[in-house]
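K.L.:
3D model of this:
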Amino acid sequence: MTAGRAALLSAPWPAAAPRPRPPRRWQHGWLALALLAILGMHLPTAAAMVALWWRSATFNHGFLILPVAGWLVWRQRAALQGVAHRPWPAGLLLLTLLGAVWLLAEVANVQVLQQYCLVLMGIVTVATVLGRALATAIAFPLAYTLLAVPFGEVLIPALIDFTARFTVALLRLAGIPVFHENNFIALPSGNWAVADACSGLRYLIASVALGMLYAGVNYRSLRKRLIFIGISVALPIVANGLRACMVVLIGHWSDMKLAAGIDHLIYGWLFFGVVMALLFWCGVYWRDAPLPPAPAPAAAAVAPAPPAQFAWIAIAAVALCAVW
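P.N.:
Now for the predicted structure:
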């Protein structure tokens, strides 16, 4: 008994278990309050964005951008556990500049610039309150939120001109006599016009949104992501020219009995679906393997900044946006 008790007394004490990582709900709470306050101050700008999402079929995808960006962040939740939350005071300068640009856009009545400033304010607020390290870790989802801005109608004239010229070039290559003036195309079988709905803007916007999502999920290399997104921009423009030529040929060969009404839009979306499916199918061959699960981070590596820092940085961010 004496020897056993002595052995117990001389045995080393077990190492203390590491303290659990402090909860981050209050850190995220300050961020949420700052974002809601900035959104409330710029409610007319946000309302104009939502109204355009609702009114225009071209920009209906805007309702999905923020939920998709949130899902992209959520799927990284395991890797984000090891990222320290440290406020970034230098972000306040960026918020000041964005506020000034927003005010100039308000004076000049340039809504699209106001909307981009609002989205960028949200992105910079995330980096300012929670830190550059976290913003860098979720840079792709944050950049994806820029697609929420309904932008692209300014490209319609250029897209119409390209589609008309591309179609005429293919028709002449096929030996079909054609007369071309502006967006009007005349064939012996009938006349055609490349309207706004046929410009391919919807294809372009849908392709960019889907292409960015596909690149963000399947590639880790920035180079691969940029290449795939670049293809997602160029491919729908060329594909829309092929679609327009196909519709004109169907109408020409059927003596204007087919593809002269709503059915040519149906053909176009079916063709676009096939093109995107082929793009994603080809992209699978270059996708990166998923990263192995990261080991649990040490408590010191994720030690948060003092609570007061998150409070004052969030208040300062809201105040600087309120000035404008």
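K.L.:
His180: what secondary structure?
P.N.:
strand (DSSP: H, G, I helix; E, B strand; the rest coil).
K.L.:
Surely it touches Val168?
P.N.:
Yes. At 4.4 Å, His180 counts as touching Val168 under the criterion of Cβ atoms under 8 Å. Placement of C-beta: from N, CA and C, glycine included.
K.L.:
Spit out the contact partners of Val110.
P.N.:
Contact analysis of Val110 by Cβ atoms under 8 Å, 6 or more residues apart in numbering lists nothing.
K.L.:
What values do phi and psi take at it?
P.N.:
phi -110, psi 90 (degrees, to the nearest 10).
K.L.:
measure it to Pro67 for me?
P.N.:
28 Å (Cβ to Cβ, to the nearest Å).
K.L.:
now swap in Gly190 and tell me
P.N.:
Relative to Pro67, and taking Cβ to Cβ, Gly190 is found at 44 Å.
K.L.:
So between these two, which is more surrounded?
P.N.:
Using other Cβ atoms under 10 Å, the more surrounded residue of Gly190 and Pro67 is Gly190, with 13 against 9.
K.L.:
Please name the nearest non-neighbouring residue to Leu147.
P.N.:
Excluding the flanking residues, the one nearest Leu147 by Cβ to Cβ, 6 or more residues apart in numbering is Ile65, at 5.1 Å.
K.L.:
Please apply the same query to Ala100.
P.N.:
Trp324 is the one closest to Ala100 (Cβ to Cβ, 6+ apart), at 6.6 Å.
K.L.:
ok, the one you found touching Gly99?
P.N.:
Yes. The criterion here is Cβ under 8 Å, and Trp324 meets it with Gly99 at 3.8 Å.
K.L.:
okay, these two: which has more neighbours?
P.N.:
Each of Trp324 and Gly99 has its neighbours counted (other Cβ under 10 Å); Gly99 has more, 20 against 17.
K.L.:
residue contacts, Gly283?
P.N.:
214-215, 218, 228.
K.L.:
next one: Trp102
P.N.:
Contacts of Trp102 by Cβ under 8 Å, 6+ apart are 42, 45, 113-114, 117-118, 121, 324.
K.L.:
That one: which element?
P.N.:
Element membership of Trp102, judged by DSSP states H and E, is helix 91-108.
K.L.:
Identify each buried residue in that helix, please.
P.N.:
Buried residues in helix 91-108, defined by neighbour count with 16 or more other Cβ atoms under 10 Å: 91-92, 94-95, 98-99, 101-102, 105-106.
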